[in-house]
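In: Got a predicted structure plus its sequence, pasted below:
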Amino acid sequence: MYPFVHEMLFITIASAGMDPRQSATLGNVLSPAYVPTLFYEANCEHVFGRFANTVTSIAKPFYWRNWEVIPAVQKEINVHFPDLPPLLELERNQSLVLMNSHFSTDLTVPLLPFQVEVGGMHCRPAKPLPEDLRSWIEGAGSAGVIYFSLGSITKGTTLPTKYRNMFIKAFSKLNKRILWKFETDLEGISENIMIKPWLPQQDILGHPNVKVFISHGGRLSMQESLYHGTPMVTLPLFGDQPINGARVIANGWGLSLNYEDLSVELIISSLEEVTNNATYVENVVKTSRLYKDQLTSPVERAVFWTEYVIRHRGALKLRSPAASLSWVQLLLLDVLTLFLLVIILSLIILHWIFKTVVSAVFGIQYLKKKFE
Ligand SMILES: *[C@@H]1O[C@H](CO)[C@@H](O)[C@H](O)[C@H]1NC(C)=O
Ligand SMILES: *[C@@H]1O[C@H](CO)[C@@H](O)[C@H](O)[C@H]1NC(C)=O
């Protein structure tokens, strides 16, 4: 509403990457035959998976537009600003979408010119580490270091004691060093664990002696891990994290564990599997190389297209004419109906011609016979 009232252009940032609902709003309707919705990864190789994905793809946006969010917000807006165009109409007027995704690390999908992929734009080469961290990481020798962080939102301190103790016990049995982002000190931990409330994550991931990243499976952590070529063990909690965990497994970038299944043995075996089996590093490094092989950097693209939209006052040519079609027009339902009518009409005419010809021919023969 704000850009409309102030007659400004507006750009959106799709922080979770491709959101098919938003894409459809812009006229790029992606097929549920292979594009999952934001929070539900169906197995699209199977007919039941595609069925579930299709139902979710239709039901979720329908629910969102007609029940869940929009009507409540719209009602509130109407009370204060009765003259504004409807929200759903304003939404269509985005000049540019910067998407936090990239085809090398995400699903490959067709995009409109103003859906610009800038995924991993925050990733940068590692900088030298502070002295204490550097010597700790290098002092681990060839066994290497495991880096453990549940991100900035999920605090380590909210990890239930049961799970925390499992990690402490598992780590004490490993010959590796562990660097753990945890907000308070921990009593009775083994010597191979270093705890810090905040850590320079990218500089750590970029160090060759860091062998595994145990994360919550957040999108930004995953992008950093891939960029720096570090395999992962993810512990997804909510939002897009379970999907990210599933993708870590599917792409062979590492493993993903459920909290319900956690045990000291599982933690140890998972960490050993990811460090000893070279497949995971190979896959991550391959993805990292693909990701870094770009004509322009994500930041350059974001800057260019932002300025482009400003220079050309919204750059309407970037938009798809499909955005102004109704779903009946987009799915060609009107055309199919016309087809059906033409076919039915043709059949009726053919039937009539056939009947006329037959009765003419047989009618003449009948007359001939009669007068012989
Ligand atoms: C859409 O944006 C254009 C400028 O790009 C503006 O002139 C127009 O009023 C906007 N319409 C709506 C419904 O927001
Ligand atoms: C290494 O991991 C890959 C991918 O999970 C698996 O297919 C392969 O069997 C593993 N190799 C060994 C030696 O365990």
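Out: Looks like it came in fine. Numbers count the residues shown, from 1 in each chain. Ligands and ions are numbered 1, 2, ... in the order given.
In: wait, what's in contact with A246?
Out: E41, S256 (CB atoms under 8 Å, 6 or more residues apart in numbering). (Each C-beta comes from the backbone N, C-alpha and C, glycine too.)
In: Please repeat the previous calculation with a cut-off of 6 Å.
Out: Residues in contact with A246, defined by CB atoms under 6 Å, 6 or more residues apart in numbering, are E41.
In: Now do the phi/psi pair for it.
Out: phi -60, psi -40 (degrees, to the nearest 10).
In: Check what pLDDT it gets.
Out: Per-residue pLDDT puts A246 at 92.
In: What's the separation between it and D240?
Out: 10 Å (CB to CB, to the nearest Å).
In: same thing with L150?
Out: On the measure of CB to CB, L150 and D240 end up 15 Å apart.
In: One more: N277?
Out: Using CB to CB, one gets 26 Å for the distance from N277 to D240.
In: ok so, going back, looking at L150 and D240, which is more packed in?
Out: Applying other CB atoms under 10 Å to L150 and D240 shows that L150 carries more neighbours, namely 22 against 19.
In: Assign that one to helix, strand or coil.
Out: Assigned by DSSP: H, G, I helix; E, B strand; the rest coil, the conformation of L150 is coil.
In: Wait, it touches G217, no?
Out: No. Using CB atoms under 6 Å, L150 is not in contact with G217; the gap is 9.5 Å.
In: quick check, I195 in a strand?
Out: Yes. Assigned with three-state DSSP, I195 falls within a strand.
In: Hmm, K181 and it touching each other?
Out: No. The pair I195 / K181 is not scored as a contact, 8.0 Å apart, by CB under 6 Å.
In: More neighbours: the two, which one.
Out: With other CB under 10 Å as the criterion, I195 and K181 differ in neighbour count, and K181 comes out ahead with 20 against 17.
In: how about the residue nearest to the more buried one when sequence neighbours are not counted, phi and psi?
Out: Spatial nearest neighbour of K181, chain neighbours left out: S149 (3.7 Å); criterion: CB to CB, 6 or more residues apart in numbering. Backbone torsions of S149, given as degrees, to the nearest 10, read phi -150, psi 130.
In: Counting neighbours, what do you get for S149?
Out: S149 - counted by other CB under 10 Å - has 23 other residues nearby.
In: Kindly indicate whether the residue of the chain at minimum distance from ligand 1 is helix, strand or coil.
Out: Closest approach of the chain to ligand 1 (CB to the nearest ligand atom) occurs at G314, with a separation of 3.0 Å. Counting by three-state DSSP, the backbone at G314 sits in coil.
In: For the stretch 251-372 of the chain, which residues are neighbours of ligand 1?
Out: Applying CB under 6 Å from any ligand atom, we find that the stretch 251-372 of the chain lies next to ligand 1 at G314.
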